[in-house]
Each structure stands twice: as C-alpha cells, then as structure tokens.
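**Q** pasted the sequence and its predicted model underneath.
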Amino acid sequence: MDVMPIGRMRSAGASFVLLMLFWVMLNGSLASDVLIVGAVASAAIALIYRDGLSIFTEARWTPAAIAATFGYIGYFLKELVKSNLHIAAVVLDPALPVHPGIVKVHTRLKSRMGRLLLANSITLTPGTLTVAIEDEWLYVHWVTMEAADQEEATRQIVAGFESYLEVMYG
Amino acid sequence: MAAALDILGGLLLVAGTTFLLLGGLGLVRMPDVYNRIQAGTKATTLGTLLTLAGAACLHPDWAIKLLLIGLFLLFTNPLSSQVLAHAAHRMHVATTPATEVDLLDEETGEEA
C-alpha cells in the first residue's frame, strides 16, 4: 500500500477528529461501545474522503488566522441579519423593487476552501447569489443590482469577506 | 430564570416563523427563478436559525444537537441554492425582463 503524503494524512486526521466530535455531540454519551462504533466509522470516512475538502484543508494555523476566523464569524452573522431584513423589505414592498442582474466579480483568494467559503458567504448575504465560479471569477446574481462595473461590484460584494478569508486560507 | 428563558424562546420562535413566512411570500411574489431562490435562501436561513435558537431556549438539554443542525444548515443551504441557480442558468431558464445585465450569458455565449 502506498504511503500517504503528510499533507493528506494531516487532512484525514483533522476530518477524523471533526467527525468524532460530531458523533459524540450527537450521541451525548461517552460509553465505550458508542466510542468504538464512532471511531471505526469516522476512520473509514476520513480515509475514503482523504482527497476531499474539509474546513481544515489549506487552513493556516497562525494566531492571526484564528483571530480572523472569529472576526469572520462575527461579520458573517451581522451580514446574515442585514441580508434577511433587506430581502424582507423587498418582499413586503408593494412595488416589489427588484432590478436584478448577474455580475462578474474577481477574488484574490487562491485556495479552494477559501473560494468555497467565499461563494457560500456571498450566497447567504444581502441579495446576492453565487451562480458559477470559474477560477478567480465569480458570477453573482444580485436582486437589487447597484453596480454592473466589475471593480465596484467586487468592492461591494467580495471585499468584506475576502479580507478575513485571505488571512484564514490565503 | 426558567420563565425568562420560556419567554425568550417564545419570542425567538415567533421571529423565526415570521422570517419563514416572508420567505414563503417571497417565493410567490418574486418574478423569476433566480430571485425566488434568493428569497428562499435568505429568509429561510435566518428563520430556521431563530426557530432553532428558540427551541434551544425552551429545551436547553437539546441545545448541542440544535447547534449542530444550525451549522449543517449554514453549510448546505447556500450550496443547494447555488447548484439550483447554476442548473437553471444552464437550462436557459429565462430571467425576468427587469434584469439589467447577465454577464454569465455574455461570457459563455449562451442565449437565454
């Protein structure tokens, strides 16, 4: 059997820990039979999906990155609430003030996980929905389009999340 | 203490269901599939999270499991919306006439 490269092994190890943590939290028990079943299942899944993405893939473990993670979560929750109020206002307005468009924005993020989180964050925030990603370009549907211009759209949609994700994943 | 938690839980449940109601209203009112997906994604995310938080206040012993459900939702909800939108675009589902630009169309040369 081939020896796994270190990076992949670390990624599989991180998946194992995460899966095991979920298992224990869902069971709410530390009985030995529960732990054994969980360990076997977690190890199997971590090995089968060792090439897949997990939130630890390509993550940096510097103090700045960990601080940025908390900053990101706070910023994300704030944007999520704003997003909901914004859409609620549009839906309740009798005139239904939608002027949608699909704009193209650019990201500086290089890592796969960074881009995935960016696309997901955009989808969950004010009136924007990621339709497609091609390399460093994202196509975003925007309910109340404010700028078709690529630089302006990038600044409004991407910049906020990117500044955190850049430190977390690069 | 328990009474205060009950009241907070009730309020959170009401707020959550209000957002879910608005999401449903958005599905009816929005003009095309992309805007409907938007209404469906946003309002239901916050609505469900608030409902889960309310349930956690009423049943504190469920809190950890409810938190896990919330996390799962945050990771899967945007993904399914994105895949639906992309699939609709590839199927050339028409956008509303109010749509101002569609740069994805121009780039790929697909006619809507």
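**A** Alright, I've got the coordinates.

**Q** quick one, what contacts the closest residue to chain A within chain B?
**A** Nearest to chain A in chain B, going by CB to the nearest CB, is residue B:78, at a distance of 3.6 Å. Just so you know, the C-beta spots here come from the backbone N, C-alpha and C atoms, and that holds for glycine as well. Applying CB atoms under 8 Å, 6 or more residues apart in numbering or on different chains, we find residue B:78 in contact with A:119, A:120, A:121, A:123, A:124, A:130, B:41.

**Q** can you pull out the strands in the chain?
**A** No chain was given, so I picked chain A. A:101-106, A:128-134, A:137-142 (DSSP state E).

**Q** quickly run through the sheet partners of the second one, with directions.
**A** With DSSP bridges as the criterion, the sheet partners recorded for strand A:128-134 are strand A:137-142 (antiparallel).

**Q** how big is the angle separating the strand it pairs with from strand A:101-106?
**A** 150 degrees (axes from the mean of the first three to the mean of the last three CA atoms, to 10 degrees).

**Q** residue in chain A with the shortest distance to chain B?
**A** Taking CB to the nearest CB, chain B has its nearest neighbour within chain A at residue A:123, 3.6 Å off.

**Q** does the closest residue to residue B:73 other than its chain neighbours count as helix, strand or coil?
**A** Nearest non-adjacent residue to residue B:73, counting by CB to CB, 6 or more residues apart in numbering or on different chains: residue B:48, 5.8 Å away. Using DSSP: H, G, I helix; E, B strand; the rest coil, the structure places residue B:48 in helix.

**Q** may I see the buried residues of the helix or strand of chain A with the lowest mean pLDDT?
**A** One helix or strand of chain A scores below all others by mean pLDDT, DSSP states H and E: helix A:150-157, with a mean of 76. When burial is assessed from 16 or more other CB atoms under 10 Å in any protein chain shown, helix A:150-157 yields the following buried residues: A:153, A:154, A:156, A:157.

**Q** follow-up on the earlier one: tell me which helix or strand the residue of chain B closest to chain A sits in.
**A** Taking DSSP states H and E as the criterion, residue B:78 maps to helix B:63-90.

**Q** any idea how far the closest residue to residue A:129 other than its chain neighbours is from residue A:22?
**A** Once flanking residues are discounted, residue A:129 sits nearest to residue A:141: 4.3 Å by CB to CB, 6+ apart. Relative to residue A:22, residue A:141 is positioned 32 Å away (criterion: CB to CB, to the nearest Å).
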